[in-house]
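K.L.:
Here is my input; please provide its structure:
(2 chains)
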Amino acid sequence: MTNQLQQTIEEKIKSFLDAQEIPLAPLKWTPIPFSGEWGISTSFFQTAADEARAGQGGGKPVPQRAQELAEQVKGQMGSVEGVSHIEAMKAYLNVFFETSDYARRVVDEVLASGPDFGRGAAKGERVMVEYAQPNTHHSFHIGHARTTLLGESLARIVEFAGFDTIRASYPGDLGLGVITVLWAYEKFYKGQEPQGVHERGQWLLKIYAEATALLEKKENETPEQTAQREAYEAERRELYRKWDAGDAAVRELWRVTREWSLEELRDILNMLDIKIDVWFYESEVDGPSKVIVDELIAKGIATDERPQGGAVIIKIDEKLGMAKEKYRTAVLLRSDGTSLYLTKDLALAKVKFEQYHVDRSVYVVDFRQNLHFQQAFKILEMWGFPQAAKCYHLSYGYITLPEGAMSARRGRVVLFKDVADEAVRRVLAVESEKAPDMSEAERQKVAEQIGLGALAYSMLSVDNNKDIVFDMDAALSFDGRTGPYIQNAHVRANSILKKAQAAGYELRVTGYDYELTKHEIELIEQISKFPAAVEQAANEYRPLVMAAYAYDLANAFHSFYHAVPVLQAEDAKVRDARLQLVAAAKQVIANALRLLDIQAPEVM
RNA sequence: GCCCCCGUAGCACAAUGGACAGUGCAACUGCCUUCUAAGCAGGAGGUUGUGGGUUCGAAUCCCGCCGGGGGCGCCA
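P.N.:
Numbering: from 1, shown residues only, chains lettered A, B, ... in the order given. Got it, this is the predicted structure:
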């Protein structure tokens, strides 16, 4: 909404400098920092530097000349509609807005657009976000929560920014890990089935850890132990062979236990208010992946070394004529003809491009897969898919424990469900103290909203390529820069509006032609930044941008709330104007929280 | 050997070419008969690992070094 204004001023600057035959460097506009007013600013450093390089500008130091230009421009600006005053400071031209006018435009637009405030224009491109890819036959741990929350937040952001969006999940439902669970189940727990969705899912993880321990080579094994282990290993291999051959009984066991895992996954996604549009199962991509290999060989991209007893490979660096090793060599088929992770991802990418007509493909997968995706994207490019340029690996760091990495094999994991339950318990403890009048049902609901909000924010407010050492107290903190802090701002806004309604005040169109406090100005400033924050978060595929914004907005609201009376305002006109502002703030906080997959409670 | 990521206040993090490098936690000082104190306000805490370079301007870009993590043809 500052665009027309910005354009008007830009044109004035251009024509002024044109008249003096000074070439103007592109102008970058930023909000003015450190002021109780608001507006936009731009600097003349670049123009002055270009001038100096061209031997113009009278040989003055660049900063001095830039300041001179800013002053001259200011002198020529005259009066501009919607601008209160202009200053030239340290080579910056600061353009301050007419407060009452600007405030009204911002608030009116928010209230008119409501949940759509900040929505970007349709981009005409389709993006698929692939996230939440746990392996089946394990349980969902806190590390999975990171990809899930990152992915969902990203999907919400790009969707809101105007992209046609598809949410995809790609569970790993085959492989040795899965077979290991089936083997141990058959051998030690056949016919058993715990009740409860999460109990069953977690039980599979326990079986997996037990089985791994039995199959692991130990130090100082007795000959009997070695024989036992090798016998187990032979049974597992045999089971894998049967599964591969499509043995009906094995397939059925696989299908049933797989469903236990997926049920648990679906329940967790439901808790997190996530609706996946497309499920790709690794087992379903396995077949198609073998087909594409022939195509890649025929195109001369892949090299078939099978006649020599080798594998099918792509020597990527060699094909590209690279001097240094960067993309290395990728293997597409083992010498026994079975496909690999990369092969499946290539086949899946083809499906995404051709069947789902995806223009941009984002993969939310941990950082250890960096090389894998560099290889995959490069091969897709060599293969001739223009979409390869818009494939993006949103790589994220691991969640580790204070005692080291999590390990499903050792059963050393922090389960998401346990953390979520603990979160709810902690909120309930606080809740009974803070809101003793709340009904039991509502208290439970609010506790879930707040607890999961705390957890989600703790994941999203850290740059994705940093590791997180999981600390329950930190993840579930309610103080300071946290989800509940932002939710509390929403609740406080709601609280004022409720009281206003009870008092019979109506939200009516009003103006801001009184002297605004700096807190009101700061709050309006933050509100007005929301659309730009959406755009930036979407362009950079970074939910962190939205997380940071949401905090700044909530922070501005809390300060406002504390310092500025709304219902108590002496003047009814001021009260009404502030009520409007509170309503707008509540709306934008809710919009921002929604993009972070965090609920905006009415009470807490 | 090669490739990628990271190093910012005691701790955890933010800021990817612009104005005094911000925020939280911890510690300290105030503020609840007044719209919810899950809050607000206030000081204190920094040669941005290090040495060069590019630039009018560098936490940010380039090169070297130190320290940490990850990866590198038949795991996923």
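K.L.:
C-alpha only now, for contacts and for neighbours.
P.N.:
Noted.
K.L.:
Tell me how far A:Glu570 lies from A:Val73.
P.N.:
From A:Glu570 across to A:Val73, the span is 42 Å (CA to CA, to the nearest Å).
K.L.:
Show the pLDDT at A:Met1.
P.N.:
We have a pLDDT of 52 for A:Met1.
K.L.:
And A:Asp513, by the same measure?
P.N.:
88.
K.L.:
Give me the number of neighbouring residues for it.
P.N.:
As a burial measure, A:Asp513 scores 15 neighbours (other CA atoms under 10 Å).
K.L.:
now do A:Ile589
P.N.:
Applying other CA under 10 Å, I find that A:Ile589 has 24 neighbouring residues.
K.L.:
Determine the set of other helices and strands touching the helix or strand that contains it.
P.N.:
Using DSSP states H and E, A:Ile589 sits within helix A:572-595. Here helix A:572-595 touches helix A:99-113, helix A:142-160, helix A:483-502, helix A:518-539, helix A:543-563, going by 3 or more CA pairs under 8 Å, 6 or more residues apart in numbering; DSSP states H and E.
K.L.:
Would you mark the buried spots in it?
P.N.:
A:573-595 (16 or more other CA atoms under 10 Å).
K.L.:
Close to RNA strand B: what parts of the stretch 1-150 of chain A are there?
P.N.:
Proximity of the stretch 1-150 of chain A to RNA strand B, by CA under 7 Å from any atom of the strand, involves residues A:30-34, A:41-43, A:45-46, A:49, A:53, A:61-63, A:89-90, A:92-94.
K.L.:
ignore the last one, the stretch 251-400 of chain A
P.N.:
Selection of the stretch 251-400 of chain A residues close to RNA strand B by CA under 7 Å from any atom of the strand yields A:309-311, A:313, A:315, A:324-326, A:328-331, A:333-336, A:339-342, A:367-372.
K.L.:
mind listing which of the residues you listed are in strands?
P.N.:
Secondary structure assignment (DSSP state E) places A:313, A:315, A:329-331, A:333 from these within strands.
K.L.:
which among the residues you listed end up buried?
P.N.:
A:313, A:330-331, A:333.
K.L.:
farthest-separated two in those residues?
P.N.:
A:Ala330 and A:Leu333 (9.4 Å; CA to CA).
K.L.:
list the residues that contact both of these two?
P.N.:
Any residue near both A:Ala330 and A:Leu333 by CA atoms under 8 Å, 6 or more residues apart in numbering counts here, and that gives A:Ile313.
K.L.:
Give me the neighbour count for the closest residue to A:Ile292 other than its chain neighbours.
P.N.:
Nearest residue to A:Ile292 in three dimensions, chain neighbours excluded: A:Ala347, at 6.5 Å (CA to CA, 6 or more residues apart in numbering). The tally of other residues near A:Ala347 (other CA under 10 Å) stands at 20.
K.L.:
Can you report how many residues neighbour A:Gly411?
P.N.:
Neighbours around A:Gly411, by other CA under 10 Å: 17.
K.L.:
where does the nearest residue to it once chain neighbours are set aside sit relative to RNA strand B, distance-wise?
P.N.:
Nearest residue to A:Gly411, sequence neighbours excluded (CA to CA, 6+ apart): A:Ala209, at 5.2 Å. Noted for A:Ala209: a distance of 16 Å to RNA strand B, by CA to the nearest atom of the strand, to the nearest Å.
K.L.:
ok, A:Ala209 touching A:Ser407?
P.N.:
No: applying CA atoms under 8 Å, one finds A:Ala209 not in contact with A:Ser407, separated by 9.1 Å.
K.L.:
higher neighbour count, those two?
P.N.:
More neighbours surround A:Ala209 than the other of A:Ala209 and A:Ser407, with 21 against 13 (other CA under 10 Å).
K.L.:
Go ahead and confirm A:Asp366 touches A:Ile399.
P.N.:
No: using CA under 8 Å, A:Asp366 is not in contact with A:Ile399; the gap is 9.9 Å.
K.L.:
These two: who's more crowded?
P.N.:
Counted by other CA under 10 Å, A:Asp366 and A:Ile399 do not tie: A:Ile399 has more neighbours, with 24 against 20.
K.L.:
so what's the more buried one scoring on pLDDT?
P.N.:
pLDDT, A:Ile399: 93.
K.L.:
ok, now which ones touch the residue lying closest to it once chain neighbours are set aside?
P.N.:
Closest residue in space to A:Ile399, ignoring its immediate chain neighbours: A:Ile468 at 4.7 Å, by CA to CA, 6+ apart. Contacts here follow CA under 8 Å, 6+ apart; on that basis A:Ile468 touches A:397-400.
K.L.:
same deal with A:Val430?
P.N.:
No contacts exist for A:Val430 under CA under 8 Å, 6+ apart.
K.L.:
buried set for stretch A:438-452?
P.N.:
A:443-444, A:446-452.
K.L.:
filter the residues you listed by proximity to RNA strand B?
P.N.:
Answer for those near RNA strand B (CA under 7 Å from any atom of the strand): A:Ile450.
K.L.:
count of residues packed around A:Arg409?
P.N.:
Neighbour count of A:Arg409, defined by other CA under 10 Å: 18.
K.L.:
how about it, what does it touch?
P.N.:
By CA under 8 Å, 6+ apart, the contact set of A:Arg409 is A:208-209, A:212-213.
K.L.:
Which one of the residues you listed is nearest to RNA strand B?
P.N.:
Among these, A:Thr212 lies closest to RNA strand B (CA to the nearest atom of the strand), at 14.1 Å.
K.L.:
Could you say which helix or strand holds the closest one?
P.N.:
Assessed by DSSP H and E, A:Thr212 sits inside helix A:197-215.
K.L.:
which residues touch the closest residue to A:Tyr541 other than its chain neighbours?
P.N.:
Spatially, and ignoring its direct neighbours in sequence, A:Tyr541 is nearest to A:Leu154 (6.5 Å; CA to CA, 6+ apart). Contact partners of A:Leu154, counting by CA under 8 Å, 6+ apart, are A:129, A:538, A:541-543, A:595.
K.L.:
which of those residues has the most neighbours?
P.N.:
Busiest of the contacts of A:Leu154 [other CA under 10 Å] is A:Pro543, holding 31 neighbours.
K.L.:
Pull up the per-residue confidence for it.
P.N.:
On pLDDT, A:Pro543 comes in at 97.
K.L.:
again, but for A:Ser35
P.N.:
On pLDDT, A:Ser35 comes in at 68.
K.L.:
same deal with A:Glu520?
P.N.:
93.
K.L.:
Apart from its neighbours in sequence, what residue is nearest it?
P.N.:
A:Phe560 (6.3 Å).
K.L.:
ok, that neighbour - contacts?
P.N.:
A:519-520, A:523.
K.L.:
Any chance of CSV for those, columns distance to RNA strand B?
P.N.:
Formatted as CSV, the contacts of A:Phe560 follow (distance: CA to the nearest atom of the strand, whole Å):
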residue, distance to RNA strand B
A:His519, 8
A:Glu520, 11
A:Leu523, 11
